[in-house]
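Novice: model this:
(one chain, ligands or ions: 2)
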Amino acid sequence: MALLLQIKDLHAGIQEHEILHGVNLQLDEGEVLALMGPNGSGKSTLANVMLGSPEYEVTSGQILYKGEDVTSWAADVRAKAGMFMAFQHPEAVEGLPVVQFLRQAMSARRSSDVSALEVRVAVMEWLEQLGMDPSLASRHLNEGFSGGERKRNEVLQMALLDPDLAILDETDSGLDVDGIAMVAKGVNMVKDARPSMGVVMVTHYAKFLEVLHPEHVAVLVDGAVVASGGDELATEIDRNGYDGWK
Ligand SMILES: Nc1ncnc2c1ncn2[C@@H]1O[C@H](COP(=O)(O)OP(=O)(O)OP(=O)(O)O)[C@@H](O)[C@H]1O
Ligand SMILES: [Mg+2]
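Specialist: Numbering: from 1, shown residues only. Ligands and ions are numbered 1, 2, ... in the order given. From the prediction side, this is the model:
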């Protein structure tokens, strides 16, 4: 499979404060990369920088997506090009019905108006496949959603937006055991429907990875990748923590 994402010696941070000190990563189409690392190591920062968050400044290095240098692309342009991110703390948007939000997002992704009917049908299909409550579709985005419902809703968004690269940050945080399994299975279902999709999954739990089976595991400590390998790395972290790399 072709190279999907390549991060080369990426330095980024806020104002004068550098958080990422030369990150290197790469991912092929159809592969899952689990990004692990202790609290504060820069995982969310990296995820945000990959998606072009204006909050962070890239001072050197490159982000290549499908061979194109997207380092200076705006977040909405990256989204349109098929990069998707589920945020660690998704926001509630007052008064915005879930279906309407999804219609806007799908239309932007396809550069053409998606009919309300098409959205509703797709939403209902995926809600059923993901084992989610159909009433979610008629609620307002994230208003009064429990942490678990928000995460499930993000998997739904990912399913509907057909991303080429999905970046999921802390999808497991605040989820109960069933929620973790559901989200991991949901990601697998979306991957089955879209085998060429690459996934970067930020997680703390090996348990999550038992369902997801990532091809690669990378460990970020103090803003740099200190180890990369396969599943066994996640198991080792589960057993011994990050002490060996700090
Ligand atoms: N917008 C910001 N303003 C100030 N400091 C920030 C900002 N974003 C990140 N940082 C700092 O950069 C470091 C890395 O934070 P980041 O959120 O990327 O860590 P993380 O690996 O995602 O941690 P966790 O596992 O707790 O989610 C932290 O010290 C954090 O305080
Ligand atoms: Mg984080």
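
Novice: what's the spacing between the nearest residue to Leu27 once chain neighbours are set aside and Glu170?
Specialist: Sequence neighbours aside, Leu5 is the residue nearest to Leu27 in space, at 4.4 Å (criterion: CB to CB, 6 or more residues apart in numbering). For the C-beta atoms, the positions are set from N, CA and C on the backbone; glycine is no exception. Leu5 sits 19 Å away from Glu170, going by CB to CB, to the nearest Å.

Novice: okay, those two: which has more neighbours?
Specialist: Between Leu5 and Glu170, counting by other CB atoms under 10 Å, Leu5 is the more crowded of the two (23 against 19).

Novice: looking at this, that one is in a helix?
Specialist: No - applying DSSP: H, G, I helix; E, B strand; the rest coil, one finds Leu5 to be strand, outside a helix.

Novice: show me what contacts it?
Specialist: By CB atoms under 8 Å, 6 or more residues apart in numbering, the contact set of Leu5 is 25-27, 50, 63-65, 165, 198, 200.

Novice: and with 7 Å instead?
Specialist: If you count contacts by CB atoms under 7 Å, 6 or more residues apart in numbering, Leu5 has them with 26-27, 65, 165, 198.

Novice: Could I get the buried residue list for stretch 39-58?
Specialist: By neighbour count on 16 or more other CB atoms under 10 Å, the buried set for stretch 39-58 is 41-52, 56, 58.

Novice: Turn those residues into TSV, columns for distance to Leu209 and secondary structure.
Specialist: Output for the buried residues of stretch 39-58, formatted as TSV (distance: CB to CB, whole Å; DSSP: H, G, I helix; E, B strand; the rest coil):
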residue	distance to Leu209	secondary structure
Ser41	17	coil
Gly42	20	coil
Lys43	15	helix
Ser44	18	helix
Thr45	22	helix
Leu46	18	helix
Ala47	17	helix
Asn48	22	helix
Val49	23	helix
Met50	20	helix
Leu51	22	coil
Gly52	27	coil
Tyr56	27	coil
Val58	29	strand
